[in-house]
Each structure stands twice: as C-alpha cells, then as structure tokens.
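J.: Have a look; sequence and predicted model below, questions after that.
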Amino acid sequence: MAIDLSLEWSGYYASSSSIIMNKPTNTADGDFLFAGFFLQSGRTINSVPADWNYINSLQSAFTANWRSYWYYKRASSEPSTWTWGKSGTDLSSGIVKRITGVVSSGDPFDATATTYNSGTQSATAILTAITTNTANAAVIAFMACGSTGAYGASDLTGIAVQANMIALFGDLQESPGTTGNKTINGAYSWHMGSLMALKPAGNPARTRYPFISFKG
C-alpha cells in the first residue's frame, strides 16, 4: 500500500494557553497523524494529549523566542479534538495532517535527520539530505518561521500544506538512498525545519536512534 500524502488536515492560528486541534475529516483507525506547531515569545509546550509521541523540537537560530514542535500518533478511536497546553497565551500556529499507508506498528520513521536547519538570514531554506532505507518512503519536511506569509516553491512537490507561519511538504522517493538537499522558498528568513522519511506499510520497522539537534 503506497503512502498517500494528499489527504485532509486541520489547522490552528490563535492566541490562547491551549492549542485545540480538530481531528481531520475522514480520519480512520490506523491512519498516521502528524502534528506540528510554531510558538512565539519564548513559549513552550507543557502538556500533550494522550498517545501522541514526541518527535523533536527546534529553537530558531535567529531568536530563542521562536520554537517548533513535532508529534505523531496512529489513530485509534480518536476524539473530535485534541488539546496541547502551552506556557502562555501568545499567538501560535499548528496543523494535524492525516496520512495513510504508513507502517502500522513499531517506529514509523524510515530515516530521520541528524542535522536540523534552524535558519540563516535568507528566504530560501536548504534542508540537509537524509538517506532512506526503503523503496517508496515518504520524505516530509515540517517548516516554521516568524511570518504569516506563505511558503513558495519546494523540491518536495507531492504535498504542500500551507498555514500561518508553518507548512508541511512531502514527496515519495521511489528508490532507497540519499534524498539530496531539498530547497524550500519562503516569504521570510530564519526558517526551522528538517527532513524525515516515513516507512510504507509492508516493511518492518527499523530501530530508531536519538535525534541530534544542530543550529545551521
């Protein structure tokens, strides 16, 4: 079963101490769910809904006040909303994206970055390559910056979820191997993001190793 990156997503953009995310339309048990957030003013996530797994967080190289967070879960009798708590009421942004065809047990990641790109003063973000291990892995990138302007052209053309200050890009990679560096153009400088790859169903889960964060 091929990974489908074209399915529904929900968004959030508001000022509150609670980030309430709606369940994407047509979410079914077994779907892979990805959540990504951008926080300002030095705020942090301080509570996470049940069964959501932490992936990583990034702090901007431009200012310690900007931070992004990523989570995932496999859908199972999901409520209509999920709530993340944060340490203040400042403006924040978030998405939950529904994806199907991802391996149903074990670690869903086929490859993860060891270098995290957290900004240069340029509207162009260049994400460091990763190496996939499985045919037809889905290479995705969650991007965040301190601007409501939309991201532009991307080397990852299979998906383009656009929300205020954040975006999710992705594409399938037919053959295992290096992804090459990926370029994503934005409306503002000082991006945060990195590449990840999801393992398609029908392939055994790999052993997952700790993230190593790097400010590029």
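T.: The structure has been received and is ready for your questions. Numbers count the residues shown, from 1 in each chain.

J.: quick one: low-confidence parts of this structure?
T.: Applying pLDDT under 70 to the chain flags residues 60-65, 114-122, 146-150, 187-190, 203-216.

J.: Let's check: the centremost residue of it is which one?
T.: residue 142 (3.6 Å; CA atoms, centre = their mean).

J.: OK, contacts around it?
T.: Listed by CB atoms under 8 Å, 6 or more residues apart in numbering, the contact partners of residue 142 are 34, 36, 68, 70, 166-168, 193-194, 196. Where you see a C-beta, it was placed from the backbone N, CA and C, and this is true even at glycine.

J.: Which ones among those residues lie within strands?
T.: Filtering the contacts of residue 142 for membership in strands, criterion DSSP state E, returns 34, 36, 68, 70, 166-168, 193-194, 196.

J.: export those to TSV and tack on neighbour count?
T.: Conversion of those to TSV gives the following (neighbours: other CB atoms under 10 Å):
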residue	neighbour count
34	24
36	25
68	27
70	21
166	26
167	25
168	24
193	29
194	28
196	24
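
J.: so which of the contacts of residue 142 comes closest to residue 86?
T.: For these, the minimum distance to residue 86 (CB to CB) is 12.4 Å, reached by residue 68.

J.: distance of that closest one from residue 141?
T.: In this view, residue 68 and residue 141 are 12 Å apart by CB to CB, to the nearest Å.

J.: what's the overlap in contacts for the two?
T.: For the pair residue 68 and residue 141, residues contacting each of them under the criterion CB under 8 Å, 6+ apart are residue 193.

J.: hey, C-alpha coordinates of stretch 99-115 in PDB?
T.: Once side chains and other backbone atoms are set aside, the C-alpha atoms of stretch 99-115 remain, and they are given as PDB (Å, rounded to 0.1, in the frame of the first residue of the first chain):
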ATOM      1  CA  ILE A  99      -1.500  10.200   6.100                       C
ATOM      2  CA  THR A 100      -2.300   6.600   5.100                       C
ATOM      3  CA  GLY A 101      -0.100   3.700   4.000                       C
ATOM      4  CA  VAL A 102       2.500   4.200   6.800                       C
ATOM      5  CA  VAL A 103       3.700   1.000   8.600                       C
ATOM      6  CA  SER A 104       1.200   0.100  11.200                       C
ATOM      7  CA  SER A 105       3.500  -0.900  14.100                       C
ATOM      8  CA  GLY A 106       6.900  -0.100  15.500                       C
ATOM      9  CA  ASP A 107       8.800   3.000  14.600                       C
ATOM     10  CA  PRO A 108       7.200   4.700  11.600                       C
ATOM     11  CA  PHE A 109      10.300   6.600  10.500                       C
ATOM     12  CA  ASP A 110      12.500   5.100   7.800                       C
ATOM     13  CA  ALA A 111      15.100   7.800   8.200                       C
ATOM     14  CA  THR A 112      15.500  10.900  10.400                       C
ATOM     15  CA  ALA A 113      17.800  13.900  10.200                       C
ATOM     16  CA  THR A 114      21.000  14.300  12.300                       C
ATOM     17  CA  THR A 115      21.300  17.900  11.200                       C
END
